[in-house]
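Peer 1: Generate coordinates for the sequence data below:
(chains A, B, C, D, E and F)
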There are 6 protein chains.
Amino acid sequence: MALVPDNTLITGTPEEGRELALKMARLVVKATQPEEATRARLRPGYAESADSLIAVAHVVAVEFATIAAANDYWRNS
Amino acid sequence: MALVPDNTLITGTPEEGRELALKMARLVVKATQPEEATRARLRPGYAESADSLIAVAHVVAVEFATIAAANDYWRNS
Amino acid sequence: MALVPDNTLITGTPEEGRELALKMARLVVKATQPEEATRARLRPGYAESADSLIAVAHVVAVEFATIAAANDYWRNS
Amino acid sequence: MALVPDNTLITGTPEEGRELALKMARLVVKATQPEEATRARLRPGYAESADSLIAVAHVVAVEFATIAAANDYWRNS
Amino acid sequence: MALVPDNTLITGTPEEGRELALKMARLVVKATQPEEATRARLRPGYAESADSLIAVAHVVAVEFATIAAANDYWRNS
Amino acid sequence: MALVPDNTLITGTPEEGRELALKMARLVVKATQPEEATRARLRPGYAESADSLIAVAHVVAVEFATIAAANDYWRNS
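Peer 2: Numbering: from 1, shown residues only, chains lettered A, B, ... in the order given. As a prediction, this is how the structure comes out:
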């Protein structure tokens, strides 16, 4: 299973970097809980919990920090 | 849906960088829970929980760290 | 509403940088819960919870990391 | 017990770096709770808890940040 | 009240840097909950909770990261 | 009490750096809860809680980030 789509942290824009951050966070969850049925069962619970949503946002922020640094913050794009 | 408003991390001032951090955090929540009605229902709960508010502040601090680095901390502005 | 007092991350000393970190964290809470009455009601709860106080300390530590980097750690002051 | 497989943070690709991040996080859990039977007993619980899965994703994000920096974000690969 | 003892992040050794990290974390708690009696009352609770102790260790780790960077990791001492 | 064994962040290998990260995290817990009897009493609780183990892994990841940077990621070793 791929943990890093296209096997690169380099993206064309911040928006694409942000999408990559979301995907990479989800792929770790998928690697830890590979059963699709279980993940589907958990989804309503956390998507209706403010604290879970904030926790997701936190993880994405940390992933994005790495991706943004990898792209030198897209300063030259 | 846009995850990064204007598709750039570069802002004119720290204040605008801070506003961007807040927006980016909210947009991840929106991407994870796209139903406006559900998000509206969750709002009173976390906005009246000290621990949720502190968790929001934590996420914004992490987002802002990235934005501040992208702008070289606005040292030359 | 100002999210970054004086719209700068640059301070004269580490002590002032630390004060700024505390203020910036509080201003995000204020932006997320603008009602003064609600915030006042929440205060006793988290100020008497060890875990909430530790969580506040965590947020301040993250904000301060950014401010300290912005000031090159006040090495030349 | 090895805490860092092959005793290096250098990997050929982001994908391998991500795998290393997962392994390193698991090896700390193993060092803290060395009994295989206990870890096996805990697995169903956290693999079916959305909040635990998000917490795992958070740890992997932090480990990966270090590994990505060590590899200069695989910019030249 | 001082938030940064001696108003500097520079220390002679890693050990002193670590002590500073602990002090700085405690001073934020003190600033948020200034009543000595309340803090004393909270102490047994968190000092006998494994999760609170881990949370304290987390905050100290974040503070220390900043102090270590400020001291260029004491490479030349 | 020593908070940083040998008073240095420099280690020969990533493996030793990882061991140092674990030790440094434990020494902060020890400094916050100096009673050996209390720490021994808490151990079974957190070593059999998946969430506590993940939290420990998180702290170690943050400590290791600092140690890895201090050693320039052992790139030249």
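
Peer 1: which one is A:Ala50 nearest to, not counting chain neighbours?
Peer 2: B:Tyr46 (3.7 Å; C-beta to C-beta, 6 or more residues apart in numbering or on different chains). No exception for glycine: its C-beta is placed from N, CA and C like everyone else's.

Peer 1: Show the contacting residues for that neighbour.
Peer 2: Shown in contact with B:Tyr46 (C-beta atoms under 8 Å, 6 or more residues apart in numbering or on different chains): A:Ala50, A:Asp51, A:Ile54, B:Ser52, B:Leu53, B:Val56.

Peer 1: among the helices and strands of chain A, which has the poorest mean pLDDT?
Peer 2: Scoring the helices and strands of chain A by mean pLDDT, DSSP states H and E places helix A:36-47 at the bottom, with a mean of 93.

Peer 1: when you compare where that helix runs with where helix B:36-47 runs, what's the angle?
Peer 2: Orientation check (axes from the mean of the first three to the mean of the last three C-alpha atoms, to 10 degrees): helix A:36-47 against helix B:36-47 gives 60 degrees.

Peer 1: Excluding covalently adjacent residues, which one is nearest to the residue nearest the centre of chain A?
Peer 2: Centroid-nearest residue in chain A: A:Leu22, 2.3 Å away (criterion: C-alpha atoms, centre = their mean). Nearest non-adjacent residue to A:Leu22, counting by C-beta to C-beta, 6+ apart: A:Val60, 5.7 Å away.

Peer 1: so the one you found makes contact with A:Lys23?
Peer 2: No. If you go by C-beta atoms under 8 Å, A:Val60 and A:Lys23 don't touch, sitting 9.9 Å apart.

Peer 1: out of these two, which sits in the busier spot?
Peer 2: A:Val60 (30 against 15; other C-beta atoms under 10 Å in any protein chain shown).

Peer 1: Give me the helices and strands touching the lengthiest helix in chain A, please.
Peer 2: Longest helix in chain A by number of residues (criterion: DSSP state H): helix A:50-70. Contact partners of helix A:50-70 among helices and strands, from 3 or more C-beta pairs under 8 Å, 6 or more residues apart in numbering or on different chains; DSSP states H and E: helix A:14-32, helix A:36-47, helix B:14-32, helix B:36-47, helix B:50-70, helix D:50-70.

Peer 1: Any stretches of chain A with poor pLDDT?
Peer 2: A:1, A:77 (pLDDT under 70).

Peer 1: in it, what residue is nearest chain E?
Peer 2: A:Val62 (12.5 Å; C-beta to the nearest C-beta).

Peer 1: If we ignore the residues flanking it in sequence, what's nearest that residue?
Peer 2: Of all residues not flanking A:Val62 in the chain, D:Ala61 sits nearest, at 4.1 Å (C-beta to C-beta, 6+ apart).

Peer 1: Just give me the neighbour total for that neighbour.
Peer 2: Residues near D:Ala61, counting by other C-beta under 10 Å: 26.

Peer 1: check contacts around A:Ala47.
Peer 2: Contacts of A:Ala47 (C-beta under 8 Å, 6+ apart): A:Leu53, B:Thr32, B:Gln33, B:Thr38.

Peer 1: cutoff 7 Å now
Peer 2: B:Thr32, B:Gln33 (C-beta atoms under 7 Å, 6 or more residues apart in numbering or on different chains).
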